[in-house]
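# for reference, the sequence and a predicted model appear below.
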Amino acid sequence: MATEAVKLVLKIGEPLIGRLVLYDSLRMSFKDVKVRPNPSCELCGNDPHILELVDYDAFCNVPLPNQPVVEDDPNMEISGEDLKSILDTGKEVVLLDVREPHEWDIVRLEGARLMPLSQFESYISELNPADEILLYCYKGKRSMTALRKLQENGFKNLRSLSGGIDGYAEKVDTSLPRY
């Protein structure tokens with residue numbers, strides 16, 4: 001891959017665009033395979049949707065080396081059972097799903113609004129700081145990241161679903177698909 005990058009940057013040699021080289025170290029052989037583009041690919045297909053890099057820290061929420069780990073306030077989280085009770089009563093809350101669209105297509109909570117964490121900052125102006133906002137993601141980490149971003153913007157009445165939609169599907173509503 002590094003060699004291919006050098007060839008592309010320096011505009012020399014024959015790059016492997018549209019081809020894949022397979023290397024078998026046991027037989028010491030190479031095989032060149034032609035690869036056709038996938039027309040439905042979100043990056044390079046006929047209608048590309050991915051037009052910029054994702055914020056890695058926001059998407060993965062993995063602390064970098066030598067960075068302090070911030071402990072989450074347990075009062076900022078809501079259990080799946082408590083969320084179900086709130087939803088069953090019909091109480092007015094804003095339910096935000098901060099996962100990516102491909103995850104949303106698999107499973108989502110009724111009444112939720114999709115605001116992917118990778119683009120979350122562009123949605124903040126659409127929210128009302130006076131509303132009670134409940135956030136969720138797959139396991140609970142990305143929704144806590146989104147919660148902190150909202151706090152930085154003056155929002156107060158916020159909670160994140162502990163265990164995310166996966167925990168909710170496992171413990172509260174087992175009819176929901178899991179991935």
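Cool, got the structure.

# burial count for the residue lying closest to residue 156 once chain neighbours are set aside?
What sits nearest to residue 156 in space, not counting adjacent residues and going by Cβ to Cβ, 6 or more residues apart in numbering, is residue 129, at 7.0 Å. To be clear about C-beta, it is placed using only N, CA and C from the backbone, and glycine gets the same treatment. Neighbour count for residue 129, taken as other Cβ atoms under 10 Å: 13.

# residue 129 contacts residue 152, correct?
No. Contact criterion Cβ atoms under 8 Å: residue 129 and residue 152 do not qualify, at 11.8 Å.

# could you pull out the strands for this protein?
Assigned by DSSP state E, the strands in the chain fall at 19-24, 29-34, 77-78, 94-97, 113-114, 133-136, 158-161.

# out of those, which one sits most buried?
Among the strands of the chain, the stretch with the highest mean neighbour count (mean count of other Cβ atoms under 10 Å) is strand 133-136, at a mean of 26.

# give the partner strands of that strand in its sheet and their orientations.
Within its sheet, strand 133-136 is paired with strand 94-97 (parallel), strand 158-161 (parallel), according to DSSP bridges.
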